[in-house]
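S.K.: need coordinates for the below:
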Amino acid sequence: RDVAVTGVQTCALPICFSGMTMNAWRSIPGFANLSGSVEATEKKGTVSFASRKSELDLPRVFPEPRIALDALNGDVGWERGAPGPDGPAPLQVRLGNLSFVNTDLAGTAFGSYAWTGEGPGVVDLTAQLSRADGRQTARYLPLAGLMGERTRDWVARAVQGGEASDARLRLKGDLRDFPFVDPAKGLFQVSARISGGVLDYVAGWPRVEKIEGNLLFERDRIEVVGRSGSILGARVSDVRVALPNLKSPDHRLTVEGNAEGPTAAFLDFIRESPVRRMVGGVADSMSSIGRGRLRLRLELPLHDLAHTKVAGEYVFGGNNLAVDPRLPSIERAGGRVNFTENSLTLTDIRGQLFGGDVRIYGGSRDGVVNVLAEGRATVEGIRTLIDHPWRRRLAGAARYTADMTQGFALWTQLDASYKGARFFSVDNNPALRQDGVWLVDASIALGRKDGRYALTAWVKNLGDVGYFGTGLANSGLGFLELIPGPPRTFGLTLSAKY
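M.R.: Numbers count the residues shown, from 1 in each chain. Next comes the predicted model:
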C-alpha cells in the first residue's frame with residue numbers, strides 16, 4: 001500500500017525501476033526516489049540499488065526518520081522461510097556492501113539479519129564511516145527506546161561539534177540481549193577518531209573544545225579519550241570522559257584530565273563553573289599573569305548534579321598574582337591549590353609582596369573562607385601605595401600577619417591645624433612675636449576592613465614648617481626660653497586589635 005512507482009522498465013529479469021517511492025508501513029521502512037533493479041520470487045529476492053538524491057524513512061529507528069542520501073549503492077537480499085504452525089514465516093536479510101553518502105556522513109555497511117517470528121531478531125552487522133559531522137550527531141542517534149532515554153539525551157546534548165573519521169560499528173547477537181553486557185551473548189562496539197571535537201559534558205561546566213582523540217561506545221559504556229584539547233583556552237591532555245554503566249539507573253559521568261596554560265584560564269574555570277559556589281567565590285577578585293598545570297577529576301551524577309564530586313590540583317610558579325585589585329601583585333608567586341566540591345586549600349604559596357617575602361595559606365570549606373598572609377614589608381615596597389614626595393624620607397621594615405578573609409581596604413587621612421599668631425613675652429615685645437602657621441599631618445593605611453590589623457605610613461609636619469611650640473621671655477628679668485616645634489617626621493606603624 002502507499003506505493004508510487006515512476007519510470008518502471010520491464011526487463012526479462014531482473015526488473016529495473018527508477019524513482020520508486022513507498023511510505024513506511026508497520027515495521028517496513030519507507031523510501032523515496034530509489035533506482036536500481038530487483039530480482040525476486042515469492043520466497044527470496046535481491047535488490048540492487050544505484051540511487052541518486054534518494055531518501056530512507058525509518059520511523060522505528062530514528063526520531064527524525066527521513067534521511068536524505070546523495071547516493072545509495074549496493075545489494076540487499078532476503079529470503080523467507082516456510083511459516084510455522086503457530087507463527088509467521090521466518091525472514092533473513094543480507095546487506096551486500098551497501099554504500100551511502102550525504103552531506104553529514106559517508107560510509108559502507110554489510111551483514112545479515114534474521115527474524116524467527118518472535119523477538120527483535122538476530123543481527124550480524126559491520127559498518128564503517130569515512131566521515132561524519134559531529135554537529136549532526138543527534139539526528140542519527142536511535143530512538144530512546146532502543147538506546148535508553150538518559151543515554152540518548154546526554155549524547156545528543158553533549159556532542160556539539162567535530163569531525164569523526166574511521167568510525168566503525170560492530171553489532172552481533174540476539175537483540176534481546178542488547179547491549180550485550182555479557183560478552184558470551186554478543187558484541188556491540190562503536191569506535192571513531194575525533195578531530196576538532198566539542199564536548200559540552202554537563203550544563204554549567206566549561207566545555208572541552210578542539211578535542212583530538214577517540215570515541216569508544218562498547219557494550220554499556222561510553223568513553224571519549226582525548227589526546228589533546230582545550231578548556232577556556234588552556235591546553236588539556238589525557239582527557240577521559242566516561243559513562244561507565246548505561247543500564248544503571250544511577251548514571252555517573254566521570255571527567256578526568258590534565259591542563260597546562262595561563263593561570264588566568266584556571267581562575268576563569270573556577271569563576272565560570274559550579275566550583276565558584278562550592279568555594280565561596282574566593283577567586284572572584286583574583287587575577288594573574290603566568291602559567292601553571294591543572295589536574296582535575298569530576299564525578300557527576302546526571303540525575304542529581306547537586307551531589308557532584310570534584311577533586312583538583314593546580315600547581316604554578318613564577319606568576320604575578322593579584323589577590324585584590326587594590327593591592328600590589330604578589331610577584332614571582334608559586335605554590336599549589338587543591339580544591340574539592342566543598343573546599344579550597346592554598347598550600348604554601350610564596351612570593352614577593354611589599355618588598356619582602358610573603359607566605360599565603362589557608363582556604364575555604366563549606367563556604368567559609370579563612371586565608372592568612374605572613375610576610376615582611378619594607379618602606380621601599382609600599383611606595384606604590386604612597387604617592388607623595390615625602391615618601392622618599394621613609395625607611396625601615398616590619399613583619400606582619402594578615403587575615404585576608406575579611407578583605408582589605410586602603411585609607412588615607414590628611415589633618416590640618418592652624419596655630420595663631422602669639423607673643424612669647426609678657427610685655428608683648430614685637431621682636432618676640434610669631435606669626436600664625438598651618439601644620440599638616442598625613443597618613444596612609446592598609447588593613448583589614450574590620451580594622452583588626454593595619455599597616456600605617458605617616459608623616460607629621462608635612463610642610464616642614466619651622467615654628468616655636470612653647471616658650472617664655474622676660475626682658476626685665478633677663479631670661480629667654482623658646483622650644484621649637486617638631487620638624488617633619490616620618491614613621492611606619494603596625495597595629496592590631498584583640
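
S.K.: show me the strands in the stretch 201-350 of the chain, by range?
M.R.: Shown for the stretch 201-350 of the chain, the strands assigned by DSSP state E, counting those that start in this stretch span residues 208-218, 221-231, 234-243, 252-262, 287-301, 309-322, 330-340, 343-353.

S.K.: which helices and strands does the longest one pack with?
M.R.: Applying 3 or more C-beta pairs under 8 Å, 6 or more residues apart in numbering; DSSP states H and E, one finds that strand 287-301 contacts strand 252-262, helix 263-271, strand 309-322. Every C-beta, even on glycine, is put in place using the N, C-alpha and C of the backbone.

S.K.: in its sheet, what does that strand sit against?
M.R.: strand 252-262 (antiparallel), strand 309-322 (antiparallel) (DSSP bridges).

S.K.: and the ones you listed as TSV, adding mean neighbour count?
M.R.: Shown next, in TSV, are these (neighbours: other C-beta atoms under 10 Å):
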stretch	mean neighbour count
strand 252-262	18
strand 309-322	18
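
S.K.: what's the closest of those to Ile270?
M.R.: Closest approach to Ile270 among the strands paired with strand 287-301 is made by strand 309-322 (9.2 Å; C-beta to C-beta).

S.K.: and that closest one, how far out from the chain's middle?
M.R.: 15 Å (C-alpha atoms, centre = their mean, to the nearest Å).

S.K.: still on that earlier bit, out of the helices and strands packed on strand 287-301, the one nearest Lys460 is which?
M.R.: Closest among the helices and strands packed on strand 287-301, using C-beta to C-beta: strand 309-322, at 32.7 Å.

S.K.: quick one, what contacts the residue nearest to the spatial centre of the chain?
M.R.: Taking C-alpha atoms, centre = their mean, the centroid of the chain lies closest to Pro206, which sits 2.4 Å from it. By C-beta atoms under 8 Å, 6 or more residues apart in numbering, Pro206 lies in contact with Ile231, Leu232, Asp268, Phe269, Glu272, Ser273.

S.K.: pLDDT at it, what is it?
M.R.: Pro206 is assigned a pLDDT of 88 by the prediction.

S.K.: mean pLDDT per helix and strand in this protein: which one sits at the bottom?
M.R.: Counting by mean pLDDT, DSSP states H and E, the chain has its least confident helix or strand at strand 3-9, which shows a mean of 46.

S.K.: what sits against Trp205?
M.R.: Ser273, Pro274, Leu298.

S.K.: please redo it, this time with the cut-off set to 10 Å
M.R.: Ile231, Val255, Phe269, Glu272, Ser273, Pro274, Val275, Leu298, Leu300, Leu305, Thr308, Val310 (C-beta atoms under 10 Å, 6 or more residues apart in numbering).

S.K.: was I right about the fourth one contacting Leu232?
M.R.: Yes - Glu272 is within contact range of Leu232, at 7.1 Å (criterion: C-beta atoms under 10 Å).

S.K.: these two: which has the busier surroundings?
M.R.: Leu232 (21 against 14; other C-beta atoms under 10 Å).

S.K.: quick one: pLDDT of that one?
M.R.: 84.

S.K.: also the one 4 residues further on?
M.R.: At Val236, the pLDDT value in this model is 88.

S.K.: same list (the strands of the stretch 201-350 of the chain) but as JSON lines, adding distance to Glu481.
M.R.: Converted to JSON lines, those look like this (distance: least, C-beta to C-beta, whole Å):
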{"stretch": "strand 208-218", "distance to Glu481": "83"}
{"stretch": "strand 221-231", "distance to Glu481": "78"}
{"stretch": "strand 234-243", "distance to Glu481": "74"}
{"stretch": "strand 252-262", "distance to Glu481": "69"}
{"stretch": "strand 287-301", "distance to Glu481": "60"}
{"stretch": "strand 309-322", "distance to Glu481": "56"}
{"stretch": "strand 330-340", "distance to Glu481": "54"}
{"stretch": "strand 343-353", "distance to Glu481": "49"}
